[in-house]
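Engineer: Using only what follows, build the 3D model:
(one chain, ligands or ions: 2)
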Amino acid sequence: MELVLGIETSCDDAAVAVVADGWRVLGEAVASQADDFATWGGVVPEIAARGHVGALPGLVERALANAGATVDDLAAVAVGAWPGLVGSLLTGVTAAKAIALRRGKALVAVDHIEAHLAAIHLGRPEVPYPLVGLVASGGHSHLYRVDAPGRMTLLGGTIDDAAGEAFDKAGALLGLPYPGGPQVDQRAAGGDPKAIRLPRSYLGDGSLRLSFAGLKTAFLYAVRGPQGRQPLTLSDAGIADACASFQAAVVDSLAGALIEAAQQAGVTVIAVGGGVACNRGLRARLQAEATDRGWTLLMPEPRHCADNGAMVAALGYARWKRGEVADGALAPLPTGRSGPRRRA
Ligand code: KG4
Ligand code: ZN
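Structural biologist: Ligands and ions are numbered 1, 2, ... in the order given. Have a look, this model is predicted:
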(Lines give C-alpha, C1' and ligand atoms only; values in the text may rest on other atoms or scores of the structure.)
(Ligands and ions follow the chains in the order given, each with its own letter.)
Protein backbone atom coordinates (compact mmCIF):
# COMPACT_ATOMS: atom_id res chain seq x y z
CA MET A 1 0.00 0.00 0.00
CA GLU A 2 1.46 3.36 -1.04
CA LEU A 3 0.12 6.36 0.84
CA VAL A 4 0.03 9.93 -0.40
CA LEU A 5 -0.86 12.96 1.71
CA GLY A 6 -2.81 15.54 -0.32
CA ILE A 7 -3.00 19.20 0.71
CA GLU A 8 -5.43 21.64 -0.93
CA THR A 9 -5.59 25.34 0.01
CA SER A 10 -6.26 27.16 -3.26
CA CYS A 11 -9.22 29.22 -2.06
CA ASP A 12 -11.26 29.43 1.15
CA ASP A 13 -11.15 25.78 2.25
CA ALA A 14 -8.12 24.02 3.68
CA ALA A 15 -8.34 20.28 3.12
CA VAL A 16 -5.98 17.39 3.80
CA ALA A 17 -6.38 13.70 2.95
CA VAL A 18 -4.50 10.43 3.03
CA VAL A 19 -5.13 8.24 -0.04
CA ALA A 20 -3.81 4.72 -0.65
CA ASP A 21 -2.64 3.64 -4.11
CA GLY A 22 -4.21 6.70 -5.74
CA TRP A 23 -7.82 5.71 -5.14
CA ARG A 24 -8.68 4.49 -1.65
CA VAL A 25 -9.44 7.36 0.75
CA LEU A 26 -8.19 6.49 4.23
CA GLY A 27 -8.54 9.78 6.10
CA GLU A 28 -9.76 13.31 5.45
CA ALA A 29 -9.93 16.60 7.35
CA VAL A 30 -11.38 19.90 6.14
CA ALA A 31 -11.60 23.42 7.59
CA SER A 32 -14.13 25.52 5.70
CA GLN A 33 -14.25 29.29 6.05
CA ALA A 34 -17.40 29.62 3.93
CA ASP A 35 -19.48 30.78 6.92
CA ASP A 36 -16.95 33.50 7.78
CA PHE A 37 -17.06 34.80 4.22
CA ALA A 38 -20.87 34.88 4.10
CA THR A 39 -20.68 38.20 6.00
CA TRP A 40 -18.35 39.62 3.32
CA GLY A 41 -20.33 38.18 0.38
CA GLY A 42 -17.18 36.58 -1.02
CA VAL A 43 -13.67 35.38 -0.22
CA VAL A 44 -11.22 37.91 1.26
CA PRO A 45 -7.85 36.48 0.14
CA GLU A 46 -5.75 37.68 3.09
CA ILE A 47 -8.24 36.35 5.64
CA ALA A 48 -8.44 33.01 3.82
CA ALA A 49 -4.65 32.59 3.83
CA ARG A 50 -4.36 33.45 7.52
CA GLY A 51 -7.12 31.00 8.32
CA HIS A 52 -5.23 28.22 6.52
CA VAL A 53 -2.04 28.93 8.46
CA GLY A 54 -3.89 28.35 11.71
CA ALA A 55 -5.78 25.30 10.48
CA LEU A 56 -3.18 23.29 8.55
CA PRO A 57 -1.12 21.66 11.33
CA GLY A 58 -4.25 20.29 13.01
CA LEU A 59 -5.73 19.14 9.68
CA VAL A 60 -2.59 17.18 8.79
CA GLU A 61 -2.64 15.54 12.20
CA ARG A 62 -6.34 14.67 11.93
CA ALA A 63 -6.14 13.28 8.39
CA LEU A 64 -3.23 11.06 9.40
CA ALA A 65 -4.97 9.96 12.61
CA ASN A 66 -8.18 9.15 10.70
CA ALA A 67 -6.10 7.03 8.32
CA GLY A 68 -4.33 5.33 11.20
CA ALA A 69 -1.03 6.44 9.66
CA THR A 70 2.00 8.57 10.50
CA VAL A 71 4.26 10.71 8.32
CA ASP A 72 6.71 7.79 8.25
CA ASP A 73 4.14 5.71 6.36
CA LEU A 74 3.83 8.24 3.51
CA ALA A 75 5.34 7.65 0.08
CA ALA A 76 4.82 11.25 -1.02
CA VAL A 77 3.31 14.60 -0.09
CA ALA A 78 1.22 16.22 -2.84
CA VAL A 79 0.01 19.81 -2.85
CA GLY A 80 -2.24 21.89 -5.08
CA ALA A 81 0.28 24.48 -6.25
CA TRP A 82 -1.68 26.28 -9.01
CA PRO A 83 -3.93 28.01 -9.99
CA GLY A 84 -5.63 29.81 -7.10
CA LEU A 85 -5.28 32.69 -4.66
CA VAL A 86 -1.54 33.01 -4.27
CA GLY A 87 -1.53 33.66 -0.52
CA SER A 88 -3.78 30.67 0.08
CA LEU A 89 -1.72 28.42 -2.20
CA LEU A 90 1.47 29.52 -0.44
CA THR A 91 0.25 28.16 2.90
CA GLY A 92 -0.34 24.67 1.47
CA VAL A 93 2.88 24.66 -0.54
CA THR A 94 4.87 25.72 2.53
CA ALA A 95 3.25 23.03 4.69
CA ALA A 96 3.90 20.35 2.05
CA LYS A 97 7.52 21.42 1.64
CA ALA A 98 8.08 21.45 5.39
CA ILE A 99 6.75 17.90 5.80
CA ALA A 100 8.34 16.42 2.66
CA LEU A 101 11.78 17.99 2.93
CA ARG A 102 12.10 17.61 6.70
CA ARG A 103 11.03 13.95 6.61
CA GLY A 104 12.69 12.92 3.35
CA LYS A 105 9.46 12.29 1.42
CA ALA A 106 8.82 12.95 -2.27
CA LEU A 107 7.17 16.33 -2.92
CA VAL A 108 4.65 16.47 -5.76
CA ALA A 109 3.10 19.66 -7.17
CA VAL A 110 -0.41 19.30 -8.51
CA ASP A 111 -2.56 21.45 -10.79
CA HIS A 112 -5.91 22.19 -9.13
CA ILE A 113 -7.94 21.85 -12.34
CA GLU A 114 -6.29 18.57 -13.28
CA ALA A 115 -6.94 17.37 -9.72
CA HIS A 116 -10.69 18.06 -10.07
CA LEU A 117 -10.80 15.49 -12.86
CA ALA A 118 -8.43 13.08 -11.06
CA ALA A 119 -11.12 12.90 -8.34
CA ILE A 120 -12.86 10.28 -10.51
CA HIS A 121 -10.20 7.83 -9.27
CA LEU A 122 -11.39 8.08 -5.67
CA GLY A 123 -13.17 4.90 -4.65
CA ARG A 124 -12.55 3.40 -8.10
CA PRO A 125 -9.50 1.16 -8.67
CA GLU A 126 -9.68 1.36 -12.48
CA VAL A 127 -10.62 4.33 -14.67
CA PRO A 128 -11.22 3.77 -18.40
CA TYR A 129 -9.19 6.29 -20.43
CA PRO A 130 -9.40 8.16 -22.74
CA LEU A 131 -12.36 10.22 -21.65
CA VAL A 132 -13.78 13.71 -22.02
CA GLY A 133 -14.12 15.66 -18.78
CA LEU A 134 -15.83 18.87 -17.72
CA VAL A 135 -14.39 20.94 -14.87
CA ALA A 136 -17.08 23.33 -13.64
CA SER A 137 -16.03 25.37 -10.62
CA GLY A 138 -15.94 28.92 -9.30
CA GLY A 139 -13.12 29.83 -11.67
CA HIS A 140 -13.36 27.33 -14.53
CA SER A 141 -15.85 25.78 -16.91
CA HIS A 142 -13.70 23.88 -19.34
CA LEU A 143 -13.74 20.69 -21.37
CA TYR A 144 -10.75 18.42 -21.76
CA ARG A 145 -9.74 15.25 -23.42
CA VAL A 146 -8.02 13.25 -20.67
CA ASP A 147 -5.63 10.40 -21.53
CA ALA A 148 -4.32 9.75 -18.01
CA PRO A 149 -4.50 11.61 -14.67
CA GLY A 150 -3.13 15.10 -15.35
CA ARG A 151 -2.63 14.44 -19.08
CA MET A 152 -5.26 16.75 -20.48
CA THR A 153 -5.86 18.66 -23.72
CA LEU A 154 -8.20 21.64 -23.69
CA LEU A 155 -11.14 21.16 -26.06
CA GLY A 156 -13.21 24.22 -25.22
CA GLY A 157 -14.95 26.05 -22.41
CA THR A 158 -16.29 29.37 -21.28
CA ILE A 159 -15.17 32.52 -23.03
CA ASP A 160 -16.18 34.70 -20.08
CA ASP A 161 -17.52 33.71 -16.63
CA ALA A 162 -17.32 30.30 -14.99
CA ALA A 163 -20.53 28.40 -14.21
CA GLY A 164 -19.90 28.55 -10.43
CA GLU A 165 -19.36 32.28 -10.54
CA ALA A 166 -22.62 32.64 -12.48
CA PHE A 167 -24.46 30.55 -9.86
CA ASP A 168 -22.96 32.72 -7.10
CA LYS A 169 -24.03 35.94 -8.87
CA ALA A 170 -27.55 34.58 -9.44
CA GLY A 171 -27.78 33.72 -5.73
CA ALA A 172 -26.54 37.21 -4.76
CA LEU A 173 -29.10 38.84 -7.09
CA LEU A 174 -31.86 36.92 -5.35
CA GLY A 175 -30.56 38.00 -1.94
CA LEU A 176 -29.47 34.46 -1.02
CA PRO A 177 -26.45 33.91 1.25
CA TYR A 178 -22.95 33.31 -0.17
CA PRO A 179 -21.98 31.01 -1.82
CA GLY A 180 -25.00 31.12 -4.10
CA GLY A 181 -24.45 27.83 -5.96
CA PRO A 182 -25.68 25.44 -3.25
CA GLN A 183 -28.50 27.87 -2.34
CA VAL A 184 -29.78 28.06 -5.91
CA ASP A 185 -29.53 24.26 -6.16
CA GLN A 186 -31.58 23.81 -2.99
CA ARG A 187 -34.34 26.25 -4.01
CA ALA A 188 -34.44 25.04 -7.62
CA ALA A 189 -35.79 21.69 -6.42
CA GLY A 190 -39.15 23.31 -5.62
CA GLY A 191 -39.37 25.57 -8.68
CA ASP A 192 -40.52 25.48 -12.30
CA PRO A 193 -37.55 25.49 -14.70
CA LYS A 194 -39.76 26.92 -17.46
CA ALA A 195 -41.05 29.87 -15.42
CA ILE A 196 -38.51 32.36 -16.82
CA ARG A 197 -37.19 32.12 -20.37
CA LEU A 198 -33.42 32.48 -20.34
CA PRO A 199 -30.84 32.15 -23.13
CA ARG A 200 -28.66 29.03 -23.42
CA SER A 201 -25.02 29.90 -23.76
CA TYR A 202 -24.13 26.76 -25.64
CA LEU A 203 -24.58 27.72 -29.24
CA GLY A 204 -24.79 24.23 -30.68
CA ASP A 205 -22.43 25.23 -33.47
CA GLY A 206 -19.89 22.57 -32.63
CA SER A 207 -17.37 25.15 -31.36
CA LEU A 208 -17.47 23.97 -27.72
CA ARG A 209 -17.52 27.55 -26.56
CA LEU A 210 -19.59 28.43 -23.52
CA SER A 211 -20.59 31.85 -22.22
CA PHE A 212 -22.41 32.79 -19.02
CA ALA A 213 -22.15 36.60 -19.12
CA GLY A 214 -25.27 37.04 -21.28
CA LEU A 215 -27.25 34.63 -19.12
CA LYS A 216 -26.34 36.63 -16.01
CA THR A 217 -27.56 39.86 -17.59
CA ALA A 218 -30.78 38.25 -18.86
CA PHE A 219 -31.40 36.89 -15.36
CA LEU A 220 -30.77 40.30 -13.78
CA TYR A 221 -33.36 41.92 -16.07
CA ALA A 222 -35.83 39.10 -15.49
CA VAL A 223 -35.77 39.42 -11.68
CA ARG A 224 -34.96 43.13 -11.21
CA GLY A 225 -36.77 44.79 -14.14
CA PRO A 226 -35.60 46.12 -17.54
CA GLN A 227 -32.77 48.26 -16.09
CA GLY A 228 -31.91 45.66 -13.45
CA ARG A 229 -32.53 48.29 -10.76
CA GLN A 230 -36.00 47.45 -9.46
CA PRO A 231 -36.25 46.12 -5.92
CA LEU A 232 -36.58 42.37 -5.65
CA THR A 233 -40.25 41.57 -5.12
CA LEU A 234 -40.31 37.81 -5.70
CA SER A 235 -42.19 35.58 -3.28
CA ASP A 236 -40.55 32.38 -2.03
CA ALA A 237 -42.27 30.50 -4.86
CA GLY A 238 -41.01 33.12 -7.34
CA ILE A 239 -37.45 32.70 -6.00
CA ALA A 240 -37.75 28.93 -6.41
CA ASP A 241 -38.94 29.40 -10.01
CA ALA A 242 -36.09 31.83 -10.71
CA CYS A 243 -33.55 29.38 -9.27
CA ALA A 244 -34.98 26.46 -11.26
CA SER A 245 -34.98 28.51 -14.49
CA PHE A 246 -31.42 29.73 -13.98
CA GLN A 247 -30.14 26.28 -13.08
CA ALA A 248 -31.84 24.73 -16.11
CA ALA A 249 -30.07 27.21 -18.41
CA VAL A 250 -26.63 26.45 -16.92
CA VAL A 251 -27.24 22.69 -16.89
CA ASP A 252 -28.42 22.70 -20.53
CA SER A 253 -25.26 24.55 -21.55
CA LEU A 254 -22.81 22.40 -19.59
CA ALA A 255 -24.41 19.06 -20.44
CA GLY A 256 -24.85 19.99 -24.12
CA ALA A 257 -21.21 21.03 -24.43
CA LEU A 258 -19.88 17.94 -22.64
CA ILE A 259 -21.85 15.58 -24.88
CA GLU A 260 -20.87 17.45 -28.03
CA ALA A 261 -17.19 17.35 -26.95
CA ALA A 262 -17.33 13.59 -26.32
CA GLN A 263 -19.00 13.00 -29.69
CA GLN A 264 -16.35 15.08 -31.45
CA ALA A 265 -13.58 13.22 -29.63
CA GLY A 266 -15.19 9.87 -30.41
CA VAL A 267 -15.24 8.68 -26.78
CA THR A 268 -18.07 7.18 -24.74
CA VAL A 269 -16.66 7.87 -21.28
CA ILE A 270 -17.47 11.26 -19.76
CA ALA A 271 -16.48 12.74 -16.43
CA VAL A 272 -17.27 15.82 -14.40
CA GLY A 273 -15.54 17.59 -11.51
CA GLY A 274 -15.42 20.92 -9.67
CA GLY A 275 -17.82 22.46 -7.17
CA VAL A 276 -20.64 22.85 -9.72
CA ALA A 277 -20.58 19.07 -10.19
CA CYS A 278 -22.27 18.97 -6.75
CA ASN A 279 -25.34 20.45 -8.43
CA ARG A 280 -28.21 17.98 -8.27
CA GLY A 281 -29.76 19.20 -11.52
CA LEU A 282 -26.48 18.73 -13.40
CA ARG A 283 -25.86 15.31 -11.85
CA ALA A 284 -29.34 14.06 -12.73
CA ARG A 285 -29.13 15.41 -16.26
CA LEU A 286 -25.70 13.88 -16.96
CA GLN A 287 -26.82 10.56 -15.52
CA ALA A 288 -29.88 10.55 -17.82
CA GLU A 289 -27.82 11.53 -20.89
CA ALA A 290 -25.22 8.83 -20.21
CA THR A 291 -27.85 6.17 -19.59
CA ASP A 292 -29.70 7.08 -22.81
CA ARG A 293 -26.53 6.68 -24.83
CA GLY A 294 -25.11 3.69 -23.00
CA TRP A 295 -22.08 5.82 -22.06
CA THR A 296 -20.02 5.60 -18.89
CA LEU A 297 -20.35 8.61 -16.58
CA LEU A 298 -17.66 9.09 -13.92
CA MET A 299 -18.91 11.48 -11.28
CA PRO A 300 -17.14 11.81 -7.90
CA GLU A 301 -19.33 12.00 -4.84
CA PRO A 302 -20.21 15.63 -3.99
CA ARG A 303 -17.56 16.09 -1.28
CA HIS A 304 -14.90 15.12 -3.81
CA CYS A 305 -16.32 17.47 -6.47
CA ALA A 306 -15.82 20.54 -4.28
CA ASP A 307 -12.23 21.41 -3.36
CA ASN A 308 -10.71 18.57 -1.34
CA GLY A 309 -7.40 17.02 -0.36
CA ALA A 310 -8.15 13.54 -1.70
CA MET A 311 -8.24 14.70 -5.35
CA VAL A 312 -4.80 16.25 -4.84
CA ALA A 313 -3.50 12.97 -3.40
CA ALA A 314 -5.05 10.98 -6.29
CA LEU A 315 -3.29 13.07 -8.93
CA GLY A 316 -0.18 13.31 -6.75
CA TYR A 317 0.05 9.52 -6.69
CA ALA A 318 -0.08 9.28 -10.51
CA ARG A 319 2.52 12.01 -10.89
CA TRP A 320 4.80 10.45 -8.26
CA LYS A 321 4.57 7.09 -10.06
CA ARG A 322 5.64 8.84 -13.27
CA GLY A 323 8.58 10.43 -11.48
CA GLU A 324 7.12 13.94 -11.73
CA VAL A 325 8.42 15.26 -8.44
CA ALA A 326 9.21 18.79 -7.27
CA ASP A 327 11.96 20.15 -5.04
CA GLY A 328 12.45 22.90 -2.47
CA ALA A 329 12.26 25.56 -5.19
CA LEU A 330 8.55 24.83 -5.67
CA ALA A 331 6.51 28.05 -5.61
CA PRO A 332 2.78 28.59 -6.07
CA LEU A 333 1.52 30.21 -9.27
CA PRO A 334 -1.79 32.10 -9.21
CA THR A 335 -2.52 31.64 -12.92
CA GLY A 336 -1.25 28.11 -13.42
CA ARG A 337 1.96 26.69 -14.77
CA SER A 338 1.30 26.84 -18.48
CA GLY A 339 -0.82 29.98 -18.64
CA PRO A 340 -3.70 29.72 -21.07
CA ARG A 341 -3.87 26.08 -22.12
CA ARG A 342 -3.13 24.98 -25.62
CA ARG A 343 -6.23 24.18 -27.63
CA ALA A 344 -6.53 20.89 -29.43
O1 KG4 B 1 -14.33 23.63 -7.13
P2 KG4 B 1 -14.81 24.60 -6.11
O3 KG4 B 1 -15.14 24.05 -4.73
O4 KG4 B 1 -13.79 25.77 -5.95
C5 KG4 B 1 -13.15 26.31 -7.06
O6 KG4 B 1 -12.16 25.69 -7.53
O7 KG4 B 1 -13.67 27.35 -7.56
O8 KG4 B 1 -16.11 25.31 -6.73
C9 KG4 B 1 -16.79 26.30 -6.02
C10 KG4 B 1 -17.98 26.75 -6.86
C11 KG4 B 1 -18.73 27.93 -6.24
O12 KG4 B 1 -19.00 28.87 -7.26
C13 KG4 B 1 -20.01 27.28 -5.71
O14 KG4 B 1 -21.12 28.14 -5.66
C15 KG4 B 1 -20.22 26.18 -6.72
O16 KG4 B 1 -18.93 25.67 -6.97
N17 KG4 B 1 -21.12 25.15 -6.21
C18 KG4 B 1 -22.31 24.85 -6.74
C19 KG4 B 1 -22.89 23.84 -5.91
N20 KG4 B 1 -22.00 23.56 -4.92
C21 KG4 B 1 -20.92 24.36 -5.12
N22 KG4 B 1 -22.96 25.35 -7.82
C23 KG4 B 1 -24.18 24.85 -8.10
N24 KG4 B 1 -24.79 23.90 -7.35
C25 KG4 B 1 -24.18 23.37 -6.26
N26 KG4 B 1 -24.78 22.43 -5.54
ZN1 ZN C 1 -11.81 23.84 -7.27
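Engineer: Spell out which residues of the stretch 201-344 of the chain are next to ligand 2.
Structural biologist: Taking Cβ under 5 Å from the ion as the measure of proximity, the stretch 201-344 of the chain contacts ligand 2 at D307. For glycine as for every other residue, the C-beta is placed from the backbone atoms N, C-alpha and C.
Engineer: Which residue does the stretch 201-344 of the chain have closest to ligand 2?
Structural biologist: Per Cβ to the ion, D307 is where the stretch 201-344 of the chain lies closest to ligand 2, at 4.4 Å.
Engineer: Please tell me how far the closest residue to that residue other than its chain neighbours sits from ligand 1.
Structural biologist: Of all residues not flanking D307 in the chain, D13 sits nearest, at 5.0 Å (Cβ to Cβ, 6 or more residues apart in numbering). Remark: distance between D13 and ligand 1 (Cβ to the nearest ligand atom, to the nearest Å) = 7 Å.
Engineer: mind pulling up the phi and psi values for D13?
Structural biologist: Backbone geometry at D13, expressed as degrees, to the nearest 10, gives phi -100, psi 140.
Engineer: which helices and strands does the helix or strand bottoming out on mean pLDDT in the chain pack with?
Structural biologist: Among the helical and strand segments of the chain, the one scoring lowest on mean pLDDT, DSSP states H and E is helix 34-38, with a mean of 81. Helix 34-38 is packed against helix 45-67, with contacts defined by 3 or more Cβ pairs under 8 Å, 6 or more residues apart in numbering; DSSP states H and E.
Engineer: Show me which residues of the helix it packs on are buried.
Structural biologist: In terms of neighbour count (16 or more other Cβ atoms under 10 Å), helix 45-67 has its buried residues at 45, 47-49, 51-53, 55-56, 59-60, 62-64, 66-67.
Engineer: Any residue of the helix or strand just after that helix touching ligand 2?
Structural biologist: Using DSSP states H and E, the helix or strand that follows helix 45-67 in sequence is strand 74-82. No. Remark: strand 74-82 sits outside contact range of ligand 2, by Cβ under 5 Å from the ion, the gap being at least 8.5 Å.
Engineer: elements contacting strand 74-82?
Structural biologist: Going by 3+ Cβ pairs under 8 Å, 6+ apart, strand 74-82 lies up against strand 3-8, helix 86-103, strand 106-111, helix 112-118, helix 309-321.
Engineer: Mean pLDDT and mean neighbour count for these - can I get that in CSV?
Structural biologist: Shown next, in CSV, are these (pLDDT from 0 to 100; neighbours: other Cβ atoms under 10 Å):
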stretch, mean pLDDT, mean neighbour count
strand 3-8, 98, 29
helix 86-103, 97, 21
strand 106-111, 98, 24
helix 112-118, 97, 29
helix 309-321, 98, 30
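Engineer: Quick one, which of the ones you listed gets closest to ligand 1.
Structural biologist: helix 112-118 (6.2 Å; Cβ to the nearest ligand atom).
Engineer: wait, what's in contact with the closest residue to ligand 2 within the stretch 101-250 of the chain?
Structural biologist: Nearest to ligand 2 in the stretch 101-250 of the chain, going by Cβ to the ion, is S137, at a distance of 4.2 Å. Counting by Cβ atoms under 8 Å, 6 or more residues apart in numbering, S137 touches I113, H116, A162, A163, G164, G273, G274, G275, V276.
Engineer: As TSV, those residues with secondary structure would be great.
Structural biologist: TSV is the format used below for the contacts of S137 (DSSP: H, G, I helix; E, B strand; the rest coil):
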residue	secondary structure
I113	helix
H116	helix
A162	coil
A163	helix
G164	helix
G273	strand
G274	coil
G275	helix
V276	helix
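Engineer: Low-confidence bits of this structure, can you list those?
Structural biologist: Along the chain, segments meeting pLDDT under 70 span 202-204, 337-344.
Engineer: what about the residue nearest to the spatial centre of it, distance to Y144?
Structural biologist: Nearest to the mean C-alpha position of the chain, by Cα atoms, centre = their mean, lies G274 at 2.0 Å. Separation of G274 from Y144 (Cβ to Cβ, to the nearest Å): 12 Å.
Engineer: Now the common contact residues for these two.
Structural biologist: Residues touching both G274 and Y144 (Cβ under 8 Å, 6+ apart) are V135.
Engineer: Tally up the residues packed near the nearest residue to A106 once chain neighbours are set aside, please.
Structural biologist: Nearest residue to A106, sequence neighbours excluded (Cβ to Cβ, 6+ apart): A76, at 4.0 Å. Residues lying near A76 (other Cβ atoms under 10 Å) number 22.
Engineer: Sounds good, over and out.
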